[in-house]
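K.L.:
Give me coordinates for this.
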Amino acid sequence: MSDELTVLTALVAGVLGSTHCLGMCGGIAGALGASARAASDTPGGILGLTVLFSVGRIIGYSIIGAVAGLAGAGIAAAVDIPLWGAIARAGTGLLMVLIGLQIAFRWPLLRSVEQGGARFWTHIAPLAKRLLPVRSAGEALLLGVLWGWLPCGLVYSILLLALVGGDPLESAILMAMFGLGTLPAMTLTGLAGTRVKLVTAKPVVRLLGGFVLVAFGFWTALGPLSHVGGRGEHHHHATTTGARQAAIVAV
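P.N.:
Numbering: from 1, shown residues only. Next up, the predicted model:
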C-alpha cells in the first residue's frame, strides 16, 4: 500500500507543482512554440516540439531516478542493519510530509537539496544552451532529457523518495510519474507560447492537495512503526507464554 501511495505522491506533486515547474521550464516551453512557428517544416509543429520536450524530460527524470534507486540499494546493502526497511519507510513518509507542506504553503523546506544539484547543472547547462533555438524533433527531445537534470527543489524532493526506495526500476517509475504529472501544464504553455493560468495555482487547490500528501506521508511513516510495535508486543507475548509453560512443566 505504501508503494502505491509513494507513486501517487509523485504524480500529485507533479500536477500541483506545475506552477513551480512553469517558473523553471515555462520559458523553454514558450520558446519551443516560437521555434516551431519559425520552422514551418518541423514535424508536428508546436504540439510536436512541446510534447517531445516533455517526453525528453520524463526520460531524463527516469534516468536520474534509476541512478538514485541504484545508489539507495547500495546504501541499504552496505548498512545491512535490522529494521532498515522500517527506517526507510519512515524516512519516505517524512519526505512525503515535507513535500506536501512545501506544495501547500510554498515553504522551501528542501532548498538545500536543490542547491546541492546546482553544481552538477553547471556542467550540463552549456550543452542545453547549444540546442536553443530548437529546430528539429531530435533537438527538442534531447533538450528535454537534459532539462530533466535542472536543479529544481520539487524534482529533487521526489528524487530523495527515489533514493530511499532503493530499487532502480521502481525509482525510475516514480520519477516518470512525477514527469507525467507536469505534462499537461507544460504542453499548454508550449501551445499558448506564454505562461498559462492553471487551476492548480489556486491556493485552495494547493492546500487541499498538500494536505493529502501530508496524510499519505503520515500513513506511510506510521505503518512500519506500528509493525515494529506489533512485533515487539508479539515477542513479549511469546516470551510470557513460554515462561508460563516452563513453570507448569516445573510444577
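
K.L.:
how about stretch 55-75: buried residues?
P.N.:
By neighbour count on 16 or more other Cβ atoms under 10 Å, the buried set for stretch 55-75 is 55-70, 72-73. Placement of C-beta: from N, CA and C, glycine included.

K.L.:
cool, and stretch 200-216?
P.N.:
Thr200, Val205, Arg206, Gly209, Gly210, Val212, Leu213, Val214, Phe216.

K.L.:
Rounded mean pLDDT for it, please.
P.N.:
On average, the pLDDT along stretch 200-216 is 86.

K.L.:
how about the CA coordinates for it, as PDB?
P.N.:
C-alpha atoms of stretch 200-216 as PDB (Å, rounded to 0.1, in the frame of the first residue of the first chain):
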ATOM      1  CA  THR A 200      -3.600  24.100  -9.700                       C
ATOM      2  CA  ALA A 201      -2.200  27.600  -8.900                       C
ATOM      3  CA  LYS A 202      -5.300  28.400  -6.800                       C
ATOM      4  CA  PRO A 203      -4.400  28.400  -3.100                       C
ATOM      5  CA  VAL A 204      -7.300  26.200  -2.100                       C
ATOM      6  CA  VAL A 205      -6.200  23.500  -4.600                       C
ATOM      7  CA  ARG A 206      -2.600  23.700  -3.400                       C
ATOM      8  CA  LEU A 207      -3.700  23.500   0.300                       C
ATOM      9  CA  LEU A 208      -6.000  20.600  -0.300                       C
ATOM     10  CA  GLY A 209      -3.500  18.600  -2.400                       C
ATOM     11  CA  GLY A 210      -0.700  19.400   0.000                       C
ATOM     12  CA  PHE A 211      -2.600  18.100   3.000                       C
ATOM     13  CA  VAL A 212      -3.500  15.000   1.100                       C
ATOM     14  CA  LEU A 213       0.200  14.400   0.500                       C
ATOM     15  CA  VAL A 214       0.900  15.000   4.200                       C
ATOM     16  CA  ALA A 215      -1.800  12.400   5.100                       C
ATOM     17  CA  PHE A 216      -0.100  10.000   2.700                       C
END
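
K.L.:
residues in contact with the closest residue to Gly165 other than its chain neighbours?
P.N.:
The shortest distance from Gly165 to any non-neighbouring residue, by Cβ to Cβ, 6 or more residues apart in numbering, is to Ser171 (5.0 Å). Neighbouring residues of Ser171 by Cβ atoms under 8 Å, 6 or more residues apart in numbering: Gly65, Ala66, Ala68, Gly69, Leu70, Gly72, Ala162, Leu163, Gly165.

K.L.:
how about those residues in CSV, adding pLDDT and distance to Val113?
P.N.:
Listed next are the contacts of Ser171 as CSV, based on pLDDT from 0 to 100; distance: Cβ to Cβ, whole Å:
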residue, pLDDT, distance to Val113
Gly65, 95, 15
Ala66, 96, 18
Ala68, 93, 12
Gly69, 94, 16
Leu70, 95, 18
Gly72, 91, 15
Ala162, 91, 12
Leu163, 90, 10
Gly165, 85, 16
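
K.L.:
with those in mind, which one is nearest to Thr92?
P.N.:
Thr92 lies nearest to Gly165 out of these, by Cβ to Cβ, at 7.2 Å.

K.L.:
The closest one touches Ile173, doesn't it?
P.N.:
No - contact criterion Cβ atoms under 8 Å: Gly165 and Ile173 do not qualify, at 9.6 Å.

K.L.:
I'm done for today, thanks for sticking with me.
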